[in-house]
Structures are given as C-alpha cells and as structure tokens.
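Student: structure of the sequence below:
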Amino acid sequence: MMEPHATTCDARCDTLSSMPIRIAIADDHAVFRSGLRALLEKETDMAVVAEAGTGFDAIKMASENDPDVLILDISLPGLPGPRVAEMVLQTRPRMAVVVLTMHEDAYYMQELFRIGARGYVLKKSTGTDLIQAIRAAHRGEQYIDPAVASHVISTFVGREPRKKGRLDILSRREREICGLLAMGHTNTEISRLLSISERTVETHRANIMAKLDLRSRAELVRFAIDNGLMKLG
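Tutor: Below you'll find the predicted structure:
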C-alpha cells in the first residue's frame, strides 16, 4: 500500500530538484544587466526572473518576485547595496544574496557577510566564478571570489591595532557623512539625503580624510566599519 505514496513523493522531489534557480539582478547599468542575463540563461539550471536598476526598485523586485538568488551591486542609486541586502533579508532570510561588485576591499565583504550575504564576486572575474557563487549560495554555502582571498588574509591576519579615540576628532555631521560614504552613497545622494549642497559634502569629505589621515576610499570604509559608522538600521 505504501508504494504509490513513495512514487508520488519521488516524482515531486524530482520536479523540485529540476526547477531552475530563480535569479534577480540589481545593477544600475542596463547593458551590464543584459549581458549578465544572457550569460546566466545559457545555464540550464538558472532563470533570470527580474531586473532592477536602483536600490528601492531592488527591494520591490525581491518582494514581488521572491527569487532564490539576488545578484546585488554595492553601488546602487537611491539606496546602496548593503542597505538593500539588510532590508531584503529581514523579510526573506532564506533568499541568497550574491554581491557582484568592483570593490575589492575586504571590509565591504566583511560587512556584507555580516548582514547575511552568501557570495562575494568581483565584476572583473570570469562568468564561471559568478555561476559557482550562485550555485553555492543556493545550496546555503558561502562563496568568496578567489581574487579577493588574498585581501582577506592580508587584512585580517596580523593586522596592527587601530588607534583609539580617533572618532572623537570628527564632528557629528562628519561622522554621518563618513558612514554614508562608506555605504556607497555618492556626493549627490548625500547632499539630497542631508539637504546640503554637494560642495558642502565635498568639503566635509576632504576634512574627514585629512583629520583621519586617510588616503583612499578603502581606508575610509575600513574606518567606518571599525567604528560602527555604517548604520544600517
């Protein structure tokens, strides 16, 4: 009497396992999205179900389409990738987020994995790397682009201690702008968010870099994360 039930279950399981991975893409470059869609849809186990070009559209897309995997750029107009990832995973914790970015700084990767991303791939890497990341993330595993592995080691192993108290030399506004810059916002976006001019944002940015003796955006991101300035809530 049990054989018919076993056959039905096996058939259902086979159907589920043969279903393609449903993928959504969030990137602000339409031509890049088109090329990425073409690449992924060559894979028999993948299907691109939606695209978005801004952070807010990415959240709406994830809600309406409920993809298995969200491919997410860090720098998105309106709302940066880290914030998008956090908001999406709050309501859909099982969704796999794979970050596809030009940012090689390990501190971005650290923050996004802390939020819940499962993959981190550089745009300069091969399509094979991204496809491996998607499959790994869909299985519930983490994937780090081999190209950034050395950055992880050099950044987090044998790192010199940070100087304490440096945050105190920044004003409240400078701390706010430092956090927004680290999250990927542009000067234009920050000026709109804070209702100040772009020139004022640029002045604050220059002051932050000078006060903290920072020489690159990567160092600014590192400082923001170390000092809790990337407020995502």
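Student: list the contacts of residue 204.
Tutor: 173, 174, 177 (Cβ atoms under 8 Å, 6 or more residues apart in numbering). C-betas here are computed from N, CA, C, even on glycine.
Student: typo on my end, residue 57
Tutor: Contacts for residue 57 were tallied using Cβ under 8 Å, 6+ apart; they are 26, 78.
Student: host element of it?
Tutor: Using DSSP states H and E, the element containing residue 57 is helix 55-65.
Student: dump the C-alpha coordinates for that helix into PDB.
Tutor: Taking Å, rounded to 0.1, in the frame of the first residue of the first chain, the C-alpha atoms of helix 55-65 are listed here in PDB:
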ATOM      1  CA  GLY A  55      18.200  50.200  -4.600                       C
ATOM      2  CA  PHE A  56      14.500  50.900  -4.000                       C
ATOM      3  CA  ASP A  57      13.500  49.000  -7.100                       C
ATOM      4  CA  ALA A  58      15.600  46.100  -6.000                       C
ATOM      5  CA  ILE A  59      13.700  45.800  -2.800                       C
ATOM      6  CA  LYS A  60      10.400  46.000  -4.600                       C
ATOM      7  CA  MET A  61      11.600  43.400  -7.100                       C
ATOM      8  CA  ALA A  62      12.700  41.000  -4.400                       C
ATOM      9  CA  SER A  63       9.300  41.300  -2.700                       C
ATOM     10  CA  GLU A  64       7.200  40.900  -5.900                       C
ATOM     11  CA  ASN A  65       9.300  38.100  -7.500                       C
END
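Student: give me the buried positions along that helix.
Tutor: Under the neighbour-count criterion of 16 or more other Cβ atoms under 10 Å, helix 55-65 has 55, 57, 58, 59, 61, 62 buried.
Student: ok so, going back, closest one to residue 145 out of the contacts of residue 204, please.
Tutor: Each of the contacts of residue 204 was checked against residue 145 using Cβ to Cβ; the closest is residue 177, at 29.5 Å.
Student: what count of nearby residues applies to the closest one?
Tutor: 28 (other Cβ atoms under 10 Å).
Student: the one 4 residues further on too?
Tutor: By the measure other Cβ under 10 Å, the count of residues near residue 181 is 24.
Student: A strand includes residue 47, no?
Tutor: Yes: the secondary structure assignment for residue 47 places it in a strand, going by DSSP: H, G, I helix; E, B strand; the rest coil.
Student: was I right about it contacting residue 37?
Tutor: No: counting by Cβ atoms under 8 Å, residue 47 does not reach residue 37; the two are 9.8 Å apart.
Student: pLDDT-wise, which helix or strand of the protein ranks last?
Tutor: Counting by mean pLDDT, DSSP states H and E, the chain has its least confident helix or strand at helix 3-18, which shows a mean of 48.
Student: picking that back up, contacting residues around the helix or strand just after the helix holding residue 57?
Tutor: Using DSSP H and E, the helix or strand that follows helix 55-65 in sequence is strand 69-72. With Cβ under 8 Å, 6+ apart as the test, strand 69-72 has contacts from 21-27, 36, 58, 62, 81, 84-85, 88, 95-100, 117, 130, 134, 137-138.
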